[in-house]
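Peer 1: Pasting a predicted model and its sequence here:
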Amino acid sequence: MNAQHIYPKSIAIEAETALSHYPELEDVAVEFKFKSKIRKSTMQAQPTFWSVFRSKSKRKYKVLISESFIIGDTIYDTKGMPSEVLIGWLGHELGHIMDYQHRSGFNLIGFGLGYLFSEKSMKNAERRADTFAVLHGMETYILATKNFILNEAGFSEIYKNRIKRYYLSPEEIMIIVDEREEKATLSS
């Protein structure tokens with residue numbers, strides 16, 4: 001375990017697997033924490049409050065993970081999710097952190113306000129996080145997470161439509177994979 005990365009033992013394998021796809025975050029402080037409830041979300045990546053005002057290299061981040069969540073009449077235990085689904089979810093959140101790493105403190109504050117109050121900003125942020133994850137080789141996990149949400153878990157149509165509206169589709173993910181592989185072939 002990297003001293004900069006803190007996570008509960010119950011998700012150590014999933015956190016380490018997701019982090020292994022982001023070597024750029026090796027020296028970035030990231031803490032994964034379970035929380036009893038997160039409003040309107042299963043997970044949430046954010047800089048710690050005061051670190052927004054520090055240099056990019058000294059920022060600290062936390063990934064809040066809801067212990068359980070209710071969709072329709074079903075309560076889901078996050079720790080009980082299939083491993084590859086949880087890895088995909090964590091990888092998506094690390095995609096947000098990659099996005100944050102390129103922003104100044106003031107830009108991060110504006111970004112956060114945009115996310116809260118603008119549907120377009122929220123959609124752009126979620127799609128960027130998915131894109132970072134896919135560009136870092138996490139497409140198998142991201143697709144597993146999407147498949148779980150859209151086809152396996154019995155989520156409500158409202159929740160599924162939210163996922164379809166804000167996040168990359170499986171088809172868009174495969175286009176990014178093809179472009180990534182084509183670029184790698186051309187550069188070698």
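Peer 2: Looks like it arrived, so ask away.
Peer 1: Tell me the helix or strand right after the helix or strand bottoming out on mean pLDDT in the chain.
Peer 2: Across the helices and strands of the chain, mean pLDDT, DSSP states H and E gives its lowest value to strand 68-71, namely a mean of 74. Moving toward the C-terminus from strand 68-71, the next helix or strand (DSSP states H and E) is strand 74-77.
Peer 1: Partner strands of that following strand and their direction?
Peer 2: Strand pairing for strand 74-77, using DSSP bridges, gives strand 68-71 (antiparallel).
Peer 1: Need the contact partners of the partner strand.
Peer 2: Residues outside strand 68-71 that contact it (CB atoms under 8 Å, 6 or more residues apart in numbering): Ile38, Thr42, Ile75, Tyr76, Asp77, Thr78, Ala153, Gly154, Phe155, Ser156, Tyr159. No exception for glycine: its C-beta is placed from N, CA and C like everyone else's.
Peer 1: And the furthest pair within those?
Peer 2: By the measure CB to CB, Ile38 and Gly154 form the most distant pair in the contacts of strand 68-71, at 20.7 Å.
Peer 1: Which one of the two is surrounded by more residues?
Peer 2: Higher neighbour count among Ile38 and Gly154: Ile38, with 15 against 10, using other CB atoms under 10 Å.
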